[in-house]
Structures are given as C-alpha cells and as structure tokens.
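Enquirer: 3D model of this:
(chains A and B)
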Amino acid sequence: MPDSISESPLASCHLALGARMIPFAGWNLPVEYSGLLAEHKATRQAAGLFDISHMGQIRAQGKNTLSCLESILANDPAKLKDGEGHYSFITNEQGGVIDDLLVYRLSPDDFFLVVNASRHHEILQLLKKHETPQVRFSGNPGTATGMALQGPQASAILARILPDAPLPLRNHIAQFTLFGANVLIATTGYTGENGYEIFSDIPTGLKIWAALLETGKPLGLLPCGLGSRDSLRLEAGLPLNGQDLSPEISPLEAGLGMFVDLNRPRAFPGRPALEKQKKSGSPRICIGLQGQPGHPPPRHGYPVFQGDKQIGVITSGVPSPTLGHGIALALVTTPAPLCGQDVEFEVRGRRVHAKVSSRKFLKAK
Amino acid sequence: MNTPDNLHYAKSHEWLRIEKDSGTVGITDHAQSALSDVVFVELPKSGRVVKQGEVIATVESVKAASDIYAPVGGTILESNETLSSDPGLINREPYGQGWLFRIKPDSPKPTGLLSSSDYAASLTH
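Expert: The predicted model follows:
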C-alpha cells in the first residue's frame, strides 16, 4: 500500500469546479462541490457525475483466465455470458472479505475487474501470484480514469454524447468508441439509481468528463463527491468495504450470501468456512435500522441494544437525505431481531430508538 | 470567509458575542462551510454550568457529528430552539439566526479567545 497521496487524473476538473478535496484510500478526492444535499438530490431526481478513477481497474486476459478466476472468486464467474457483469468477493481462508468487486466478462478469455481503491495494490499482488503464460493481470493505480453517471436522466445524457449506440442492459458492459478512443461502459453503479460507469484512458476521460458535465447541466446534472456517494449507497443498502465488510466479516454475515456460489465444484479461499456458516448459521448478521426524524442520526461504531443487552454495533449510519431520518447497517448477534422490532442505539451516552428494517431503505419506506 | 469584527473567536471555530452580562455563541462561517449541510443539532439545557473548552453541543451534517466547545465558562441561559426544526439556519446565518445558545460567563472579560483578524489569519495557515 503506497503511503503517498495520489491525485486523480481528473484533479484539474475538480479544482476548476471548486471542489473541496479530502484524502481517501490514498487518493486526494472531491468530497463535495456544490454541497452534499444538493448533490444527493440531483442524483435521485436528475443525474450525478462521480469521479471513480481511484477504483482499481484490473484486466485479466489469456486462455486460462476463466479457470483461474473460478479458483479465486466467491461468486462463480463461469455463470457470466459475454458482456455480462456481477458482484463478487475475494475472501480469505476464514471466509472474511478481503474485497468486494464487480467482475465483467468481455469475452471467454478477457475479464475486467473493478476493485476498491484501498485494496487495489493488495488484490493485484494476490492475482499476479496466479499468473501463467495463459493468464495475465494488468492495471496499475492511476493509469486510467473511471466515472459514474447515475440517476434517472443518466441514459438521456449519455445518449446525447453516444448517439445511435444502444447502451448496455443493466449489469452489462460493452466497448464503445468515444472521442476516437476505446472506452468501456458498464450499466452498474453504487447509488441505487440507474446509471453507467465509464472507464477509459486518461486523455479521453478528461474529454468525457467535460462533455457529460456540459450535456447534463440543462437536465439537472451535478458533479458529485464522496459525501453524497456515501449517503446514496447507504440509502440503497449497499455495503462499504472497511466498514460493512472486512477480513473479519463474511459475505454471509453481511447478508450478501446470494453473491457467494457454493453450488459449483471448484474450491476458492474460504469455501469450507463459508459452507459451514451456511449450514449451521453465522453467529452474526447484518440488519437495517431506521431512526426517527428529529433524533440524532446513527453513525459508524455506535453500539446497538435490544433491551439491556448489547447485540451489536452500527457499521454504517447516516441521516438519510431522502427519508429525513437516520438509517444504518448494523452487525448483530443471531438470532437477530426481526423487521419491525424495536432496538436502540447509543449516541453520546444516551439511548435512541430505532426500528429494524430491510436494508433496502428506499424501498422499505 | 466572513469573520465579523465585533466577535471573539475560539480556535475550535466557535464565536462569542458579549452583550452586557450575557454572551451568545455560534459556529463560524468557516465551520459551517466545512461541515456543510447541518441536519441535526443537540443543544445544552438552560441552567447547565460549563467550563471553558467543555463539549457543550453537537452539530451533525450528513457526513459527521462535530463537537461544539464552550468558548467561555459559565451558566447556560437558553438554547436556540428554532434550530431543532430548521438546523440549516446554521449554514444560512451562522452569525445571526443560526446562533446555538446564550451563556452567562463566569467572568466579564473572556480570556483565551482570538480577535477577528487573528482568527481569520489562523484559517489561512
């Protein structure tokens, strides 16, 4: 893990827009431009444009790529068709999450992985240990741009700079030519909205960023920082590695067992531990919590109580801009309280009431 | 950043306006801007006795909860109840309707606080 702080290839764009920058996972990134709430609202109601160049882009190529990835990833990459992507994990021997990632199959011997910035170096090293002449891994930090265009107007905005090209279906990826260069566009995101993630070389990325901002502006698009990215993903119930996932938390405990495929013959790290958890139940499980308007919002690290007993801890919490009250993901001991039941979390020494809910907070309304 | 002349400032970004034998406290324009949109405020009850530098209130934005420190020791006279229904006043009028609480200071002369120009200079470092 490098100790130095890297600048995003789009840093000049952020400075020109007056963004407030903060260090995050070794990168200097915009936390907000016009304001977190305005950016959050723009993404829910129109569109938001996020720099995700810090996310690790790794290409796996060669005729043994699929077989190699099958032995590493917790979700089975053999299920993917050409142009399709899915959510997956790289787990340790205990079944804990080293990283969560998106895995896209471009062709039978060409896969594209998008990993967390904080794990990019570690994952690339881990993958390179499996390198043979038949499978090669590439993609160093800072060598490409990534941006996410998210929200109900995302398709209309992207169609204006990519006329006559049918955009990929949800959870799919395709290669396009933009400004004379090859770019990858995936119909995925981290906000709970429809949208796209666009990956390209750096000079092309600068042009796409500018074109999307200009084209999107009349439709209500705002550039969005890490602040709204976090509140948007939590409203959608999406986990953040390092908080809701960690080497000590398994995908099953995080409530994401549907992205772990144990119905295939191939071994992968942590498989026996995950099979045991699936069979006998995990000692902890992630639940959703909803607070009340006017109450202090839940935050990462706050303890959770049922009656007098501490049952767990909040892994992510935020005052939801859309719902107007606090929402949280909490890791609690099993048997966990059920949806609709009352629990409390502790804020500055005092107990605050919350209701257990689905983790899909926007739909759970 | 706006730093009005007639106020005393704490390094922790609270301001104090002395009026006869009471003082009004809020957070500075710089602080509200750094916090961004305030969505929740927890304020002290009147009658509470506080020491200078003690955590006396909490201001929460979507991102984080921030402690507010008493710029002087004294007794809390009242808190700004309007903020519970409209916490965004702190962002819109940090030196006006967005005030947090009024305090009766222990001593008529505040000590350990910065002038407007010294506070403004501290922000540029």
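Enquirer: Would you agree A:Glu346 is in contact with A:Val352?
Expert: Yes - with contacts counted by CB atoms under 8 Å, A:Glu346 reaches A:Val352, the gap being 7.4 Å. The C-beta positions use only the backbone N, C-alpha and C, and glycine is treated the same way.
Enquirer: Pull the number of nearby residues for residue 62.
Expert: Since you didn't name a chain, this refers to chain A. 17 (other CB atoms under 10 Å in any protein chain shown).
Enquirer: that answer is for a different chain, and I need it for chain B
Expert: B:Val62, neighbours per other CB under 10 Å, totals 25.
Enquirer: okay, A:Glu346 and A:Val352: which has more neighbours?
Expert: A:Val352 (19 against 16).
Enquirer: for that one, what are its contacts?
Expert: Neighbouring residues of A:Val352 by CB atoms under 8 Å, 6 or more residues apart in numbering or on different chains: A:291, A:295-296, A:298, A:344-346.
Enquirer: The residues you listed in strands, which ones?
Expert: Among the contacts of A:Val352, DSSP state E puts A:344-346 in strands.
Enquirer: circling back: filtering the contacts of A:Val352 by proximity to chain B, which remain?
Expert: Near chain B, judged by CB under 8 Å from any CB of the partner chain, the entries from these are A:295-296.
Enquirer: Tabulate the contacts of A:Val352 in JSON lines, adding columns for pLDDT.
Expert: Shown next, in JSON lines, are the contacts of A:Val352 (pLDDT from 0 to 100):
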{"residue": "A:Gly291", "pLDDT": "97"}
{"residue": "A:His295", "pLDDT": "94"}
{"residue": "A:Pro296", "pLDDT": "95"}
{"residue": "A:Pro298", "pLDDT": "98"}
{"residue": "A:Glu344", "pLDDT": "98"}
{"residue": "A:Phe345", "pLDDT": "98"}
{"residue": "A:Glu346", "pLDDT": "98"}
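Enquirer: Check the contacts of A:Val352 against chain B and report the nearest one.
Expert: Taking CB to the nearest CB as the measure, chain B lies nearest A:Pro296 of the contacts of A:Val352, at 5.8 Å.
Enquirer: looking at this, A:Arg160 is in a strand?
Expert: No - read with DSSP: H, G, I helix; E, B strand; the rest coil, A:Arg160 is helix and lies in no strand.
Enquirer: ranges for the strands of the stretch 51-200 of chain A?
Expert: Assigned by DSSP state E, counting those that start in this stretch, the stretch 51-200 of chain A shows strands spanning A:56-61, A:84-91, A:97-107, A:110-115, A:136-138, A:145-150, A:173-178, A:181-186, A:195-200.
Enquirer: Mind putting those into a markdown table with mean neighbour count, distance to A:Ile161 and mean pLDDT?
Expert: Formatted as a markdown table, those follow (neighbours: other CB atoms under 10 Å in any protein chain shown; distance: least, CB to CB, whole Å; pLDDT from 0 to 100):
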| stretch | mean neighbour count | distance to A:Ile161 | mean pLDDT |
| --- | --- | --- | --- |
| strand A:56-61 | 21 | 21 | 98 |
| strand A:84-91 | 22 | 22 | 98 |
| strand A:97-107 | 22 | 21 | 98 |
| strand A:110-115 | 22 | 21 | 98 |
| strand A:136-138 | 17 | 28 | 98 |
| strand A:145-150 | 26 | 10 | 98 |
| strand A:173-178 | 17 | 7 | 96 |
| strand A:181-186 | 19 | 11 | 98 |
| strand A:195-200 | 25 | 10 | 98 |
